[in-house]
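S.K.: A structural model of the following input is requested.
(one chain, ligands or ions: 1)
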Amino acid sequence: MHRSNTCGELRISDKGKTTILSGWVQRSRDLGGMTFVDLRDRYGITQLVFNMEHNADMCEQARKLGREYVIKVSGVIHERSNKNAKLATGDIEVVAEKLELLNASKTPPFTIDDDTDGGDELRMQYRYLDLRRNTVKEKLILRHKLAIATRAYLDKQEFLEIETPYLIKSTPEGARDFVVPSRMNPGEFYALPQSPQTFKQLLMVSGYDRYFQIVRCFRDEDLRADRQPEFTQIDCEMAFVEQEDILNTFEGLTKHLFQEIRQVTLPTFARMDYATAMEKYGSDKPDIRFGMEFKDLTEKMQGHGFAIFDNAASVLGIVVTGQAEYSRKQIDALTEWVKRPQIGAKGLVYIKYQGEGIVKSSVDKFYSPETLEDICQHIGAKTGDLILVLSGNTDTTRKQLGELRLHMARELNLRNPEVFAPLWVVDFPLLEWNADDNRFFAMHHPFTSPKPEDIHLLENEAGKARANAYDLVINGVEIGGGSIRIHDRALQSQMFDILGFTSEEAQAQFGFLMSAFEYGAPPHGGIAFGFDRLCSMMGGSETIRDYIAFPKNNSGRDVMIDAPAKIDEKQLEELSIKLNVKPS
Ligand code: ASP
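M.R.: Predicted coordinates:
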């Protein structure tokens, strides 16, 4: 027997019993007559005592144990004289009677501690050691619990978990596909699914009216902030539903998960249409934990001789409550911040409302005190408030001010990590115009249904059509998104046509789906949650990588196994592939 208990299990009530423990040496302290060893496994840490008087040989052996050695110890559970309240097993220790070395270990390249001395790259290279750390382990446990809770909840709601294939033909979710060559079909390739989108829709045609899957998705994107080339979704689809049914069902799931995992009772989810989100927050995923909504100052601030505003399509401002005392230096820093290429604003105008009749502004050359006072009233500023104003092209200004709004909230600690503010963003535009390609792209994906009342726009004003598409946003982070689908072959063809597919191309790529729609497709819709992101949100971490056992780095590499890697000539030959890699 390797163990009778785990290292996290024993308590004072076990005093006097004998036990066998196996685990890793966290550390050992040699106090001459006695050697103390902290033995660690997944469940916790137990203190072992080796006594010179008791058994000198064994004590000698214990003194030689290095960090991360794997040992097995049997002994008797004693009450500690020096109790450690920080440790669940801190009231007891095991006085060793027998020690067996199961495996030695090299000295690990970093300490296996909550606050390790290992840098990111090193920890990823030795991820199997990093995973021994408590803080990392807790995250994987949270992930596991979240998956189990999701399955249990959806099972109760009659959802069936059905697997869909990984070797498929491309699904258009807007990213590049990872492809896999087919040996048996030379010159042909599978694509790895960007999501199981078409399959889950086919399952609806097949009558499995409530489907879900916790599933890996693959997207060959440039790995901007916090993305992974393979990530996990809670992917769901329902038939005979309208948007309202989906929103309610998944509001229910989300609330349940926060309750189960975080013991947080979420409020009823707010709702906002896309147009409002853009107008008030300059983002389709606004963080609504704090206000600072945009105010339109275009009319108020134009016509006073300030050319920059006069020539702008929009002049937009935010009120930063109680910050009229911002110093020159702080304002300069903000100005520099908005001028950085990532934000790209030309400048920043401020108005400090320091009390009735006392208004200071960077543009008071152009505006009389009365006008500035009037602007403050208009924007709803109170004594002591700071107003920040940006101007230019409407979409760009909104985006920039949206970034500034978040920046101010960060500076002023308005984004309380203990508060969760869920929001459904609804009524997304159906299409997005791409000027470079001179064509429309689907904003969500090509299977998304227009709002019935907007279908008439498809003919001549497709760009104005709104979709039955929705995103779930929590604290400014997109947690999930989905849509009601098109289930009518003619409408689906029209969509492909608008997206610039010839009917041959549409047939070649999606013939199977359009054919399925001819055999009694029910009305249906669905949603997918970013599972990794949901984990990181619940765990209060900035990055999804923390919640993935074996993540990839920013260049899509697994530095532990060193992938991707070259393959043998022979393998290439079998796959009928000739490489044409230019020397870099
Ligand atoms: N397949 C979509 C996505 O991955 C989600 C959905 O529409 O259900 O974003």
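
S.K.: from here on, contacts and neighbour counts on C-alpha atoms
M.R.: Fine.

S.K.: Phi, psi for whichever residue of the stretch 351-500 of the chain sits closest to the ligand please.
M.R.: Going by Cα to the nearest ligand atom, the ligand is nearest to residue 482 of the stretch 351-500 of the chain, at 3.6 Å. Dihedral pair for residue 482: phi -170, psi -170, per degrees, to the nearest 10.

S.K.: Find the helix or strand that the residue nearest to it when sequence neighbours are not counted is a member of.
M.R.: Spatial nearest neighbour of residue 482, excluding adjacent residues (Cα to Cα, 6 or more residues apart in numbering): residue 527 at 3.9 Å. Per DSSP states H and E: residue 527 is located in strand 524-530.

S.K.: other SSEs contacting that strand?
M.R.: strand 230-239, helix 243-257, strand 477-484 (3 or more Cα pairs under 8 Å, 6 or more residues apart in numbering; DSSP states H and E).

S.K.: Please convert the ones you listed to a markdown table, extending it with mean neighbour count and mean pLDDT.
M.R.: Output for those, formatted as a markdown table (neighbours: other Cα atoms under 10 Å; pLDDT from 0 to 100):
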| stretch | mean neighbour count | mean pLDDT |
| --- | --- | --- |
| strand 230-239 | 23 | 98 |
| helix 243-257 | 17 | 98 |
| strand 477-484 | 23 | 97 |
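
S.K.: Which one of those lies nearest to residue 79?
M.R.: Closest to residue 79 of the helices and strands packed on strand 524-530 is helix 243-257 (Cα to Cα; 39.7 Å).

S.K.: And the contacts of the helix or strand just after that closest one?
M.R.: Using DSSP H and E, the next helix or strand after helix 243-257 towards the C-terminus is strand 270-273. Residues outside strand 270-273 that contact it (Cα atoms under 8 Å, 6 or more residues apart in numbering): 422, 423, 424, 425, 426, 427, 428.

S.K.: and the helix or strand just after strand 270-273, average pLDDT?
M.R.: Downstream of strand 270-273, the next assigned helix or strand under DSSP H and E is helix 274-281. For helix 274-281, mean pLDDT rounds to 98.

S.K.: Name the residues of helix 274-281 that come out as buried.
M.R.: 274, 275, 277, 278, 279, 280, 281 (16 or more other Cα atoms under 10 Å).

S.K.: As CSV, could you dump the C-alpha coordinates of it?
M.R.: Output in CSV follows, covering the C-alpha atoms of helix 274-281 (Å, rounded to 0.1, in the frame of the first residue of the first chain):
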residue,chain,number,x,y,z
TYR,A,274,-25.7,47.5,-29.6
ALA,A,275,-26.4,51.0,-30.9
THR,A,276,-26.8,52.3,-27.3
ALA,A,277,-23.7,50.5,-26.2
MET,A,278,-21.7,52.2,-28.9
GLU,A,279,-23.3,55.6,-28.3
LYS,A,280,-22.9,55.6,-24.5
TYR,A,281,-19.7,53.6,-24.0
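
S.K.: Adjacent strands (with direction) for the next helix-or-strand element following it?
M.R.: Per DSSP H and E, helix 274-281 leads on to strand 295-296 as the next helix or strand towards the C-terminus. Strand 295-296 has its sheet partners listed here by DSSP bridges as strand 314-320 (antiparallel).

S.K.: List the contacts of the partner strand.
M.R.: Against strand 314-320 from outside (Cα under 8 Å, 6+ apart): 292-298, 301, 309, 379-381, 385-394, 397-398, 401, 405, 408.

S.K.: which of those residues are buried?
M.R.: 292-298, 301, 309, 379, 381, 385-392, 394, 397-398, 401, 405, 408.

S.K.: about what we covered before: restricted to strands, list the contacts of strand 314-320.
M.R.: Applying DSSP state E to the contacts of strand 314-320, the entries found in strands are 295, 296, 385, 386, 387, 388, 389, 390, 391, 392.

S.K.: If we go by neighbour counts, what in stretch 161-175 is buried?
M.R.: Buried-residue list, stretch 161-175, by 16+ other Cα under 10 Å: 161, 164, 166, 168, 169, 170, 171, 172, 173.

S.K.: residues from the stretch 101-250 of the chain in reach of the ligand?
M.R.: 195, 197 (Cα under 6 Å from any ligand atom).

S.K.: Mind doing that once more with 5 Å?
M.R.: residue 197 (Cα under 5 Å from any ligand atom).

S.K.: Just the strands from the stretch 101-250 of the chain, written as ranges.
M.R.: If DSSP state E, counting those that start in this stretch is used as the criterion, the strands of the stretch 101-250 of the chain fall at 160-161, 179-181, 189-191, 210-218, 230-239.
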